[in-house]
Each structure stands twice: as structure tokens, then as C-alpha cells.
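Asks: I would like the atomic coordinates for the input below:
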Amino acid sequence: IYTPYIICGREMYDDLSQLTDNNVSVEIITNDVAKGANPWGCTDYLNEKEKIWRTGVKVYEYMAPHSCHTKAVLIDDRMSIVGSYNLDMRSTYLDTELMLAVDSTELNAIIRKEAEHDKTFSKTMENGKYTYGENYKTKELSTGKKLFYATLRQIIKPLRRFL
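Replies: Coordinates of the predicted model:
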């Protein structure tokens, strides 16, 4: 799954857990907080990332020269679903998003190749420790941004279903 940010509700967490409980490998590529362009999504990820990890999905926190805005789901080696859907409650329950399902091994291979490349610019949590892709370059948040996120983390808790 490619998504610029992740904001899950209870049912979405349950769905991710159900997939991994049934031995379905689920990988998500999303922006590293230090590179993300959506402060609401980044803040919610800071608050919820451990809950996301507990579902059993593997999250790649992408850190490249530009943030990622790709929205796609790859299923097996044939089905590619691309469009405007973000992995968030607003896209799932409120907005009208468009996704196009394409049954094409060729398109799937192109997107999958790009995903494998993007994983090299990502870090991921495994067994309680981050592992880093060969092209991942750490970017420290400025003091101002750390303060901003610390404040926003408290403010959004009661509002997250509207994000």
C-alpha cells in the first residue's frame, strides 16, 4: 500500500490485523514524519504508530528528497489499484475518492519496482528497533517543528476522526 499518511479508525485497525492474522503480508509505504507534507497525518502517526505496528503490517517510513503522494494498492502480481484514496478515516468514511483497479501484470511490475526502490529510502520498525534502507538519510526535526508536533499531538486526540 502506498499512502502519504495513515489515520486509522478501530475498524481499519481490525481489518489490517485480520489480514495479517490470516498470513497476508501487508506492507505500507508512507512518508517519514520529518518529510511528510501533511501535519495532521504526521501528528496522528506519531500518536498511533505503535498501534499500527501491532496490527502486524510492515510500515516503511519514506525519506527521499521529496515527500511521496502516491496512492496505490498492489495485490499479488496482477492487480493494481490506483487513485485518490488515502489510508485514512476521511477517505474511507466521508469523502468520495476514486480508485481504479487495473488487472495488468505489466503495470503491477512497474509500480512494484518503484516500491522496492522507494523502500531503500525508508526506515522500518522490526523487533523494536528501526532498520534503515541503504539510501535512507536521517533528517532531524528542528526545535520549532518538535514543539509544533508536541503541541499538535495533544490537540488532535479528540479531533482525529475528522482528520
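Asks: list the contacts for residue 107?
Replies: Contacts for residue 107 (CB atoms under 8 Å, 6 or more residues apart in numbering) come out as residue 80. Just so you know, the C-beta spots here come from the backbone N, C-alpha and C atoms, and that holds for glycine as well.
Asks: quick check, distance from the helix or strand hosting it to the centre of its chain.
Replies: Secondary structure assigned from DSSP states H and E places residue 107 in helix 105-119. Relative to the centre of its chain, helix 105-119 is centred 16 Å away, using CA atoms, centre = their mean, to the nearest Å.
Asks: helices and strands around the following helix or strand past that helix, which ones?
Replies: Using DSSP H and E, the helix or strand that follows helix 105-119 in sequence is strand 122-126. Counting contacts by 3 or more CB pairs under 8 Å, 6 or more residues apart in numbering; DSSP states H and E, strand 122-126 packs against strand 58-62, strand 129-132.
Asks: relative to helix 105-119, how tilted is the longest one?
Replies: Pointing back at strand 58-62 there. Going by axes from the mean of the first three to the mean of the last three CA atoms, to 10 degrees, strand 58-62 is angled at 70 degrees with respect to helix 105-119.
Asks: so residue 152 is in contact with residue 39, correct?
Replies: Yes - judged on CB atoms under 8 Å, residue 152 makes contact with residue 39 at a distance of 6.5 Å.
Asks: what are the contacting residues of the helix or strand of the chain with the lowest mean pLDDT?
Replies: Ranking every helix and strand in the chain by mean pLDDT, DSSP states H and E puts helix 89 at the bottom, with a mean of 90. Helix 89 has contacts (CB under 8 Å, 6+ apart) with 7, 8, 9, 12, 160, 161, 163.
Asks: pretty sure residue 29 belongs to a helix, no?
Replies: No - counting by DSSP: H, G, I helix; E, B strand; the rest coil, residue 29 is not part of a helix but strand.
Asks: start at 327 instead
Replies: Will do, 327 is the new start, and the previous item becomes residue 355.
Asks: grab the nearest non-local neighbour of it.
Replies: The shortest distance from residue 355 to any non-neighbouring residue, by CB to CB, 6 or more residues apart in numbering, is to residue 386 (4.6 Å).
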